[in-house]
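Asks: Attaching a predicted model along with its sequence, questions to come.
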Amino acid sequence: MAHNWDFATILQNWPVLWVGIKGTVFIFVITVILGLGGGLIVGVARYSKSPVVSWPARAFVEVFRNTPVLVQIIWFYYAFPILTGIETDPFLAAVLGISLNTMAFSAEIYRAGIQSINRAQWEAGKAIGMSYNQTLRRIILPVAVKRVLPALTNRGIEVFKMSTLASVVGYVETLNQAKLISDLNFNPIESYTAVAVIFFVVLYPVVQGTYVLERMLRKGD
Amino acid sequence: MSEILRIENLHKSFGDLEVLKGIDLTVQSGETVVLLGSSGSGKSTMLRCLNFMETPTEGRIHLNGELIGTERGGRMRYREAELCALRARIGMVFQHFNLFPHKTVLENVMEGQVIVLGRGKPEAQDKAMAQLDRVGLAEKAAEYPARLSGGQKQRVAIARALAMDPEVMLFDEVTSALDPELVGEVLKTIRQLAEDGMTMLCVTHELGFAYHVANRVLFLHEGTILEQGEPQSILKAPATDRMSEFLEGHSLFKLPD
């Protein structure tokens, strides 16, 4: 089936899309920091020998890893305010859903990283009088995090794409703005293609960069 | 000479397996004690109980006259902070060196000083350089462990332990993972320490080292000290059949004197 591609309307509406792109970048930055940063805390807690610490962390991971992030976002937008009396807006609901989901996934990545470190490193820290926390912070984590950096980068890329899910509760980001353009100009093919192209143009160089990063890390070992 | 370490009735079990069945030992300051025994005799476990890498199941350990832990309800209780402080006073060197791979040689030797002893960086660096010089590796200070030979790694590990100014040093089969031609440099370093008056307990299979460097040799068998004495007598004329067998096994391929 032939389609007469016409991207002129998209270019005319570029300022509308640009607002969306800024919204995408903004929510990405917030959720990637909260998700990967908070995941470190959950991952360390998950690794703890004390069940009082590790069990809540484990429960958290299981809940947020085994439910769809789209459902989480919708739930935080519609159900959470009614259950708790705490008002949310599209931005907050999306940030909660995406960050908590990312925390759960990255916690498992960090935990795997910590577990991959030879037990002898714990012993070496212990033998010079370091406490558990000192050894974890100074000896184990620096090596563990470096080791899982490629996996974390992949998570970051997922987070960037997940940001489009925020459109479902009406947060102003790229997909949402494209829908707006499409509804006003009746050009869904061009509008949604534009969204795909924008994400590809941003992510492709990033992914290529991660290959370089992985190769550099492997050399350092 | 004064007593520095006293071990009374040391027991250690892992589940149902009793590895140490009542060890008594007093070590004098400046003494070099070598622990011999076949694998499974409990020698490494004994060493690891002394700095509480393993917690003894029963028994008491005194360092410099102080009892480690407190006795309550007929059992010894240990607080983690107390054990950290104790480990800082006892140096330990491992079979597989266990250097910190992400830190340079100098940083490896500074780490415990700065983080555990709270020394300032300039002081820690001076002490680290002095210890690296002592083991002959001052010029490798800026290297990462991955670029060192096994013997060099082990000497850095020794410097790392020494930089804490330990009262006792524990060596746990520190030459077993080395290529034969690298064993000498490490043993020479340890021998120098002995001559400098460091108190040391060494688990080793190097009978020559035991013979020439030790003040006392302990022979462990099935979790007890079966025999002990001066190396010159005990290694040449062991009193028990078990130890004779052990020594024969070790000298089968030695060239005759």
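Replies: It's in.

Asks: and the stretch 151-257 of chain B, which residues reach chain A?
Replies: Along the stretch 151-257 of chain B, the residues adjacent to chain A under the rule Cβ under 8 Å from any Cβ of the partner chain are B:160, B:161, B:164. C-beta here means a position set from N, CA and C on the backbone, and glycine is covered the same way.

Asks: Please flag which of the residues you listed sit within helices.
Replies: With helices defined by DSSP state H, the entries of those inside them are B:160, B:161.

Asks: Now do the buried residues in the lowest-mean-pLDDT helix or strand in chain A.
Replies: Least confident element among the helices and strands of chain A, by mean pLDDT, DSSP states H and E: helix A:188-220 (a mean of 89). Applying a neighbour-count criterion of 16 or more other Cβ atoms under 10 Å in any protein chain shown, one finds A:190, A:191, A:194, A:195, A:198, A:199, A:210 buried in helix A:188-220.

Asks: now, the most widely separated pair of these?
Replies: Taking Cβ to Cβ, the two most distant members of those are A:190 and A:210; they sit 30.3 Å apart.

Asks: Give me the secondary structure label for residue B:92.
Replies: Classification of residue B:92 by DSSP: H, G, I helix; E, B strand; the rest coil places it in strand.

Asks: distance of it from residue B:196?
Replies: Here the distance between residue B:92 and residue B:196 works out to 18 Å (Cβ to Cβ, to the nearest Å).

Asks: which of those two has more neighbours?
Replies: Neighbours were tallied for residue B:92 and for residue B:196 using other Cβ atoms under 10 Å in any protein chain shown; the higher tally belongs to residue B:92 (27 against 10).

Asks: Local confidence estimate at the more buried one?
Replies: Looking at residue B:92, its pLDDT stands at 97.

Asks: Who is it paired with across the strands?
Replies: According to DSSP bridges, the partner residues bridging residue B:92 are residue B:170.

Asks: and the residue nearest to residue B:94 when sequence neighbours are not counted, what does it touch?
Replies: Spatial nearest neighbour of residue B:94, excluding adjacent residues (Cβ to Cβ, 6 or more residues apart in numbering or on different chains): residue B:172 at 5.6 Å. Residues touching residue B:172, when contacts are defined by Cβ atoms under 8 Å, 6 or more residues apart in numbering or on different chains, comprise B:44, B:47, B:48, B:92, B:93, B:94, B:95, B:203.

Asks: nearest to residue A:174, of the residues you listed?
Replies: Lowest distance from residue A:174 to the contacts of residue B:172 (Cβ to Cβ) belongs to residue B:94, with 54.5 Å.

Asks: ok, the closest one - contacts?
Replies: Applying Cβ under 8 Å, 6+ apart, one finds that residue B:94 lies in contact with A:120, A:123, A:124, A:127, B:157, B:172, B:174.

Asks: and the gap between it and residue A:123?
Replies: Taking Cβ to Cβ as the measure, residue B:94 falls 7 Å from residue A:123.

Asks: how about the helices in the chain?
Replies: Assuming you mean chain A. A:8-12, A:14-47, A:51-65, A:69-84, A:90-116, A:119-127, A:132-135, A:141-162, A:174-185, A:188-220.

Asks: um, chain B though
Replies: All helices of chain B, identified by DSSP H, fall at B:43-50, B:80-89, B:105-115, B:121-134, B:150-162, B:180-195, B:207-213, B:231-234, B:241-251.

Asks: gap between the residue most central in space within chain A and chain B?
Replies: The residue lying closest to the centre of chain A (Cα atoms, centre = their mean) is residue A:159, at 3.1 Å. With the distance defined as Cβ to the nearest Cβ, to the nearest Å, residue A:159 ends up 27 Å from chain B.

Asks: Can you tell me, leaving aside adjacent residues, what's nearest to the residue of the stretch 151-257 of chain B found nearest chain A?
Replies: Using Cβ to the nearest Cβ, the point where the stretch 151-257 of chain B gets nearest to chain A is residue B:164, with a distance of 6.0 Å. In this structure, residue B:164 finds its nearest non-sequential neighbour in residue B:112, 5.3 Å apart by Cβ to Cβ, 6+ apart.

Asks: what does residue B:229 give?
Replies: Excluding its sequence neighbours, the residue lying closest to residue B:229 (Cβ to Cβ, 6+ apart) is residue B:217, at 6.6 Å.

Asks: which regions of chain B sit below the pLDDT cut-off?
Replies: By pLDDT under 70, the weakly predicted segments of chain B are B:1, B:251-257.

Asks: Other residues contacting stretch A:181-199?
Replies: Outside stretch A:181-199, the residues that reach it (Cβ under 8 Å, 6+ apart) are A:3, A:5-7, A:9-10, A:13, A:16-17, A:21, A:160-161, A:164, A:174-175, A:178-179.

Asks: In CSV, list the C-alpha atoms belonging to that stretch.
Replies: As requested, the backbone C-alpha atoms of stretch A:181-199 are provided in CSV (Å, rounded to 0.1, in the frame of the first residue of the first chain):
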residue,chain,number,x,y,z
ILE,A,181,0.0,16.5,16.5
SER,A,182,-1.5,13.4,15.0
ASP,A,183,-5.0,14.2,16.4
LEU,A,184,-4.9,17.8,15.0
ASN,A,185,-3.4,17.0,11.6
PHE,A,186,-4.7,13.5,11.0
ASN,A,187,-1.2,12.2,10.3
PRO,A,188,-0.6,9.3,12.7
ILE,A,189,1.9,7.6,10.4
GLU,A,190,4.3,10.6,10.2
SER,A,191,3.8,11.5,13.9
TYR,A,192,4.5,8.1,15.4
THR,A,193,7.3,7.5,12.9
ALA,A,194,8.8,10.7,14.0
VAL,A,195,8.7,9.5,17.7
ALA,A,196,10.5,6.3,16.7
VAL,A,197,13.1,8.2,14.7
ILE,A,198,13.8,10.6,17.6
PHE,A,199,14.3,7.7,20.0
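
Asks: Please state the offset of it from the chain centre?
Replies: Stretch A:181-199 sits 24 Å away from the centroid of its parent chain (Cα atoms, centre = their mean, to the nearest Å).

Asks: Nearest spatial neighbour of residue A:138, chain-adjacent residues omitted?
Replies: Going by Cβ to Cβ, 6+ apart, residue A:138 has residue B:115 as its nearest residue, at 6.2 Å.

Asks: tally of neighbours for that neighbour?
Replies: Other residues lying near residue B:115 total 20 when counted by other Cβ under 10 Å.
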